[in-house]
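[1] sequence plus predicted model, see below.
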Amino acid sequence: MFSIFKQEARGLATSPASSSTQDLGTNCGEGLDSESSEKTDKEPVDFYGLGDPAAEFSQMSPYLSSRGSIIKCFRDAAEEGYKAYHLDEYDEDKNPNGIINFGTSENKLCFDLLSSRLNQRDMHHIEPPMLQYPDWKGHMWLRDEVAKFLSYYCKAPVPLKPENVVVVNGCASLFSALATVLCDPGEAFLIPSPYYGAITQHVYLYGNVRLVYAHLDSRVTGMDCRPFQLTVKKLEIALLGAKSEGINVKGLILINPQNPLGDIYSQERLQEYLEFAKRHELHVIMDEVYMLSVFDESAVFQSVLGMDRLPDPQRTHVIWGTSKDFGISGFRFGTLYTENQDVANAVASLGCLHGICGTVQYQVAQLLRDRDWINQVYLSENHARLRAAYAYITEELETLNIPFLRTKAGFFVWIDLRKYLCSDTFEEEFSLWRRFLHHKVLLSCGKAFECKEPGWFRLVFSDKIHRLRLGMQRIQEVLEKEPQGAKTLSPCQSLEKSSQSR
Amino acid sequence: MEERFLHLEERRVQLEQRRLELEREHEFRMFGVFAQMLSILKEGTRMPQGPEQMSGVFSELSDPGTKHLQGSAYLSNRGNDIKFKRGVTEEYIEAYFADKYDEDENPNGIINFGISENKLCFDLLSKRLTQSDMHHIEPPLLQYSGWRGHMFLREEMARFLTYYCKAPTPLKPENVTLFNGCISVFSGLATVLCDPGEALMIPTPFYGEISKSIYLYGNVQLVFAHLDSKITETNTRPFQLTVEKLEMALQGARSEGVRVKGLILINPQNPLGDIYSQGELLEYLEFAKRHELHIILDELYMLSVFDESATFHSVLSMDRLPDPQRTHVMWGTSKDFGVSGIRFGALYTENRDVSSAVAKLYFFHGISGITQYQMAQLLRDRDWINQVYLPTNHSRLKAAHTYITDELKTLGIPFLNRNSGLYIWIDLRRYLHMDTFEEELLLCRRFLDNKVLLSCGKGFQCFEPGWFRLVFTDKIHRLRLGKHGQLSPAFISKLVHCGVHSSTRYWINYLELEGTSETTSSNPLIVQMRKLRPT
């Protein structure tokens, strides 16, 4: 019957297939982390790194500017996998041998709920202002709704103000705009790794802003009570390292709940990170895009907007959007909340390049204000489905004896496949990733998150059980062919236990 | 059925009476506005001071980053730059948003002759966009949509452009990249074609937002080829674009060491309303090819040519482009469908390098999947576009244009008479005390103080002070148009010609539209929306 998306698959298939796998391979090898396999853990220099997004760029087009050529050749691992997936998407009826997507962080569990809500009559309203040029901060009625929404769900001590809200077409745009107005070209943000890798290009493509990594690792030491724990000390080391190289670091990016680790920062931790940033006059960009995807009732999420007193409110900027928490990444809606009017206005100046369709703004406003539906229908159901999917996938992982970090939020588990690598290199990691893909299951490898240790993968579980089952089968089949046990790794096991206990 | 029809007729008559009353009020108001304009102008009248002095400056480099007020300690240098980057009349536009005219709620508010939006066809668009075929949702629309927009929409766009641009061979969907508006396309193109500090060339006066769009992220500047109003042997019409002027501007920029990477042309032109002939177009393209310049063609107003005597030629219609790999065309729905709030624009280029580089920036210029679906539905509905929308839109544009130009003639205000676009380029030079842009801005201010927003020439980087752009497509005219357009004998006979059925349908549509705004106003969000004005 309805065939627009079949056409799409065809259209993409006819476009020249990217010769990208090769690019990615070399990319993995060239990364600054390739030496880290030598285990120089004791040296502080290993605790940070500087991203150089232009490093793998090679060919120059006669039609493009130099930066145009760099932009054109800019690749990231997530994009490559996604493209392969897009050409051969699994479909139970039409393409049962297609690729199962455990790579893209999308919540596909609640499409029925969203689609029925978005099809309700109240969504189909149009009036002139929606079809005309908007205020580039977003329509006031939407900003009003966003402020109310965030006040409620972030448990703000006093009502948040609509004037501090700027809405744009997605969080990627917010990263780009914030990077541009907070940093000059060549300056940098600090970010703990592993992190959601797309941020690299979000801040670099237009903004020409780089990332300084505060590398976290899986070792559990006295100081750290869990793997990949973020501590102020690690932030300090990374900042110092960057400064010693003459890099001007203007801010710190934190993702909470964290992607890909699933960590939720406690109030005390959060306070420490914010104090650290204040001490160094760093802006803090808090990405809270998974804040309503905390599916375990025992977990408490603390938004920075819920804190009684922010250490440096003028340098604290919060990002949220509907992509993850409402499972509608195709909607393109993101919002910035900042008390700093200079920052809000500067971002709004870029707003004309990031505008959202007026009728979509209306639909988002209708969605956000429907507290009854969100609380009584959507969130409870979404969390129950996420819990069930998580329970299923973790049982499977345990059966397969694959260690992983337990999580209470997000759509993914961070799994440890280090024992399946012949050597501790990102080439090996990439080759495993590719074997998964050839066996029709797409995962995200740790390198895509700038993880320092090769062998970690992110597995997205927010999909229907039968797909999870099929995907896990395929993973098992790949791993069974691997030289398992070639390396005896007890740390994984202890890691598993310790993470279970938290 | 007949009874229902009679009943509808009765309501139609009532409605018509109500509308006529409103029209009278609005006409009265319009005359008021013009009277105000006239008195403002009289106040400022000066005697014409002989022939215009022309300096020899034909090229000039824009420097959007120079005007700094005071920097914020929280922002980067460019952040401060961006924050203070404002158009000449941006302040005035903000004043308008804070005090918008509304027939019911703010009858003394500011009338908008400044922002180029077509508000004449809101009824048609709103009706079309709320039809049941627009309300489709399926999973891929709610998920990430790839890097250039959904393929189904790129295909629709290619077909649409093939048809309306009269392309000799079908245009290819692979060459289409979709962004959230043409401003975003400008930003993307500038960034991948120029390095920071390099420049694109553009004839002035031009739509001023372009400077901002290429500068904000791209840090790309404009080199102006100034056109003027003097009629000479080569300048057979005012503000005529000639290759000679382009050459001079290019040489000027090069002699100053500025690297010019491309030429931007707007066709139909904004604010002049000029439509380039096929011959002219070819000359400009040959010029660009000679100098290895990219050419960016903004054809945003291509369907807003409302006079049958004028013919628009898209570059996509040309049998052979001089330099296809350096020719990039953009179009969007903002102007031609009067839906600037939808944020939808498209780039068509055969150059794979350019399109894949621009596509990398899609992250920042993505369009909601639902909107993409609706745009595809709209663009493929050729029957509605050709039989309903375009004829109505053009007749309303024409009527509004006639009304305004008659008024201008009555006032004795010279203007360029063109038959495209949503605006008229008017000459108020004789109302300036001196030939300066300060004077021009003062006049603009006086208009605003008297609750009329106009765009002054400086906003378009016009070289001669005293020109203004007057947008004639605001809502108040729509009501007036009821009499002259929709209900004129000619219009009615047209409807009869199309069949009674369609005319009845038209009125049902209209009545329903009236109805919806009443019934839905119980929705608190809408009530609130109506109260809230952007601050």
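    Yes, it's here. Residues are numbered from 1 along each chain as shown, chains lettered A, B, ... in the order given.
[2] what ranges do the strands span in the chain?
    Unless you meant another one, I'm taking chain A. A:48-50, A:100-101, A:165-168, A:188-193, A:210-215, A:249-255, A:283-287, A:316-321, A:334-338, A:412-416, A:441-442, A:444-445, A:456-460 (DSSP state E).
[3] try chain B instead
    B:59-61, B:111-112, B:176-179, B:199-204, B:221-226, B:260-266, B:294-298, B:327-332, B:345-349, B:423-427, B:452-453, B:455-456, B:467-471.
[4] ok, residue B:379 - contacts?
    When contacts are counted by C-beta atoms under 8 Å, 6 or more residues apart in numbering or on different chains, residue B:379 is found next to B:153, B:156-157, B:159-160, B:385. C-betas here are computed from N, CA, C, even on glycine.
[5] pretty sure residue A:180 is touching residue B:77, no?
    No: with contact defined as C-beta atoms under 8 Å, residue A:180 and residue B:77 do not form a contacting pair (11.0 Å).
[6] neighbour count winner among those two?
    The residue with more neighbours, out of residue A:180 and residue B:77, is residue A:180; 26 against 13, by other C-beta atoms under 10 Å in any protein chain shown.
[7] could you list the contact residues of the stretch 201-350 of chain A toward chain B?
    By the rule C-beta under 8 Å from any C-beta of the partner chain, the part of the stretch 201-350 of chain A lying against chain B is A:201-202, A:205-207, A:250, A:283, A:314-315, A:327-333, A:340, A:342-343, A:345-346, A:349-350.
[8] pLDDT and neighbour count for the contacts of residue B:379 - can I get that in TSV?
    Below are these laid out as TSV (pLDDT from 0 to 100; neighbours: other C-beta atoms under 10 Å in any protein chain shown):
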residue	pLDDT	neighbour count
B:153	97	30
B:156	98	22
B:157	98	26
B:159	98	16
B:160	98	22
B:385	98	21
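[9] could I get the strands of chain B as TSV with mean neighbour count and mean pLDDT?
    Converted to TSV, those look like this (neighbours: other C-beta atoms under 10 Å in any protein chain shown; pLDDT from 0 to 100):
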stretch	mean neighbour count	mean pLDDT
strand B:59-61	18	54
strand B:111-112	22	84
strand B:176-179	27	97
strand B:199-204	24	98
strand B:221-226	24	96
strand B:260-266	23	98
strand B:294-298	25	98
strand B:327-332	26	98
strand B:345-349	25	98
strand B:423-427	23	95
strand B:452-453	23	88
strand B:455-456	26	92
strand B:467-471	26	94
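[10] what about those, which gets the closest to residue A:321?
    strand B:176-179 (19.0 Å; C-beta to C-beta).
[11] helices or strands up against the closest one?
    Applying 3 or more C-beta pairs under 8 Å, 6 or more residues apart in numbering or on different chains; DSSP states H and E, one finds that strand B:176-179 contacts helix B:151-164, helix B:182-193, strand B:345-349, helix B:352-359.
[12] for residue A:272, find the nearest of those.
    Minimum separation from residue A:272 across these (C-beta to C-beta) falls at helix B:182-193, 38.6 Å.
[13] could I get the average pLDDT for that closest one?
    Mean pLDDT, computed over helix B:182-193, is 97.
[14] right, is it up against chain A?
    Yes: Helix B:182-193 lies within reach of chain A by C-beta under 8 Å from any C-beta, at B:183-184, B:187, B:191-193.
[15] redo the strands of chain A as TSV? Include mean neighbour count, distance to residue A:472 and mean pLDDT.
    Formatted as TSV, the strands of chain A follow (neighbours: other C-beta atoms under 10 Å in any protein chain shown; distance: least, C-beta to C-beta, whole Å; pLDDT from 0 to 100):
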stretch	mean neighbour count	distance to residue A:472	mean pLDDT
strand A:48-50	20	33	80
strand A:100-101	22	9	96
strand A:165-168	27	37	98
strand A:188-193	24	27	98
strand A:210-215	24	30	97
strand A:249-255	23	26	98
strand A:283-287	25	29	98
strand A:316-321	25	30	98
strand A:334-338	25	32	98
strand A:412-416	25	11	98
strand A:441-442	25	9	96
strand A:444-445	28	16	95
strand A:456-460	27	9	98
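[16] filter the residues of the stretch 201-350 of chain A next to chain B to the buried ones?
    A:201-202, A:205-207, A:250, A:283, A:314-315, A:327-333, A:340, A:342-343, A:345-346, A:349-350 (16 or more other C-beta atoms under 10 Å in any protein chain shown).
[17] my guess is residue B:468 contacts residue B:456. True?
    Yes: using C-beta under 8 Å, residue B:468 is in contact with residue B:456, at 5.5 Å.
[18] list residues touching both of these two?
    Common contacts of residue B:468 and residue B:456 (C-beta under 8 Å, 6+ apart): residue B:444.
[19] domain ranges for chain B?
    Domain ranges of chain B: B:90-120+B:403-531, B:132-383, per automatic domain parsing.
[20] looking at chain B, which helix or strand is least sure?
    helix B:500-519 (a mean of 29; mean pLDDT, DSSP states H and E).
[21] low-confidence bits of chain B, can you list those?
    Scanning chain B with the threshold set as pLDDT under 70 gives B:1-6, B:8-9, B:12-13, B:16-69, B:86-89, B:475-535.
[22] let me fix that: the stretch 101-250 of chain A
    A:223-224.
[23] ok and the residue in it nearest chain B?
    As assessed by C-beta to the nearest C-beta, chain B sits closest to residue A:181 within the stretch 101-250 of chain A, at 3.3 Å.
[24] separation between the closest residue to that residue other than its chain neighbours and residue A:62?
    Spatial nearest neighbour of residue A:181, chain neighbours left out: residue B:79 (3.3 Å); criterion: C-beta to C-beta, 6 or more residues apart in numbering or on different chains. Look at residue B:79 and residue A:62: by C-beta to C-beta, to the nearest Å, they are 33 Å apart.
[25] of those two, who's got more company?
    residue B:79 (28 against 8).
[26] poorly predicted segments of the stretch 401-502 of chain A, please.
    Applying pLDDT under 70 to the stretch 401-502 of chain A flags residues A:482-502.
[27] all the helices of it, residue numbers only.
    A:426-438, A:465-480, A:490-500 (DSSP state H, counting those that start in this stretch).
[28] go on, the stretch 1-150 of chain B?
    Using DSSP H, counting those that start in this stretch, helices in the stretch 1-150 of chain B cover B:2-43, B:77-84, B:90-98, B:122-129, B:139-142.
[29] list the contacts for the closest residue to residue A:340 other than its chain neighbours?
    Closest residue to residue A:340 apart from its sequence neighbours, by C-beta to C-beta, 6+ apart: residue A:314 at 4.7 Å. Applying C-beta under 8 Å, 6+ apart, we find residue A:314 in contact with A:339-340, B:74.
[30] out of those, which is nearest to residue B:215?
    residue B:74 (21.3 Å).
[31] what's the spacing between the closest one and residue A:194?
    Taking C-beta to C-beta, one finds residue B:74 at 29 Å from residue A:194.
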